[in-house]
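Colleague: from the sequence below, what's the structure:
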Amino acid sequence: MKIPFSKYQGTGNDFILIDNRDQRFSELTRAQIARLCDRRFGVGGDGMILLNSHDRYDFEMKNYNSDGGECSMCGNGGRSLVAFARSKGIQKDLYRFWAIDGEHEAQITESKSGPIVHLKMKDVTNIRETPAGHILDTGSPHLVCQVKNLMTYDVVTEGRKIRNSAMFMPSGINVNFVEVNGDKFFVRTYERGVEDETLSCGTGIIAAALVCSATEIETRGGKLGVKFTRQSATEFQDIWLIGPAQLTFEGTIEI
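Modeller: I've put the predicted structure just below:
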């Protein structure tokens, strides 16, 4: 089977995007998806996303982790998919699409460095403080921990320990390590399903922003903006993730 694809990245979080509006690739197996995401034997990516048709929305987002399993909402992936949809002829001032966690809206604005995608995320209705850190669901479950010396912190080892700890099983959790330096916030994330650190995680950025009351977060892959309306100490609405989504290359692969 030959699969045409586009590779996009949003602040270093990279995805294989496939136009599946004709449903040609709906039956890809977990093993095939994992191979496509493999950085040595496939295209390589933190995940794969299908652009599907939807009878009530502009399109549907169907996303998978690099291990081939279907995953919860991905913020950077959603922003990348909106840019991909525009390149495939879906032209809207305001996009409305369906994802695993429900309805999303998006807009694209232009900057000197390229398109900036504004993605509206689900409301957050609860933040729970635990000895391990703050737990919240921003479309995917996240733990936010504050640490020092983040640039030298062993994110993979410590993130894997927490992700696999008994309190978060069987599904596990994404782990965000945050360092606060004055009014600057830096985040590094260990992502379940990727089972490694990613250069950026959109839903993790939102989690850190809400916990820290931040409107700009820096990651190893770049900066992302977050807008939100605080309803209470634990409730947030009108949450938007804002940042670049860029095409890196296109091609066809046979599997």
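Colleague: so which residues of the stretch 101-250 of the chain form strands?
Modeller: 102-111, 114-120, 127-130, 133-137, 141-146, 174-181, 184-191, 196-198, 216-219, 222-230, 236-244, 246-254 (DSSP state E, counting those that start in this stretch).
Colleague: quote the end-to-end distance of stretch 204-220.
Modeller: 13 Å (CA to CA, to the nearest Å).
Colleague: sort out which residues of it are buried, please.
Modeller: For stretch 204-220, the neighbour count (16 or more other CB atoms under 10 Å) marks 204-212, 214, 217-220 as buried. Any C-beta I mention is one placed from the backbone N, CA and C, and that applies to glycine too.
Colleague: among those, which two are most distant?
Modeller: Leu210 and Arg220 (20.6 Å; CB to CB).
Colleague: could you check how far Gly251 is from Tyr8?
Modeller: 13 Å (CB to CB, to the nearest Å).
Colleague: between the two, tell me which one has more neighbours.
Modeller: More crowded of Gly251 and Tyr8, by other CB atoms under 10 Å: Tyr8, with 28 against 10.
Colleague: I figured the more buried one hits Ser80, correct?
Modeller: Yes. Using CB atoms under 8 Å, Tyr8 is in contact with Ser80, at 3.9 Å.
Colleague: name the residues contacting each of those two.
Modeller: 15, 17, 245 (CB atoms under 8 Å, 6 or more residues apart in numbering).
Colleague: among these, who's most crowded?
Modeller: Using other CB under 10 Å as the neighbour criterion, Phe15 leads those with 31 neighbours.
Colleague: pLDDT at it, what is it?
Modeller: Listed pLDDT for Phe15 reads 98.
Colleague: contacting residues for it?
Modeller: 7-9, 45-49, 63, 74, 76-77, 80-81.
Colleague: tell me the SS of it?
Modeller: Here Phe15 is recorded as strand under DSSP: H, G, I helix; E, B strand; the rest coil.
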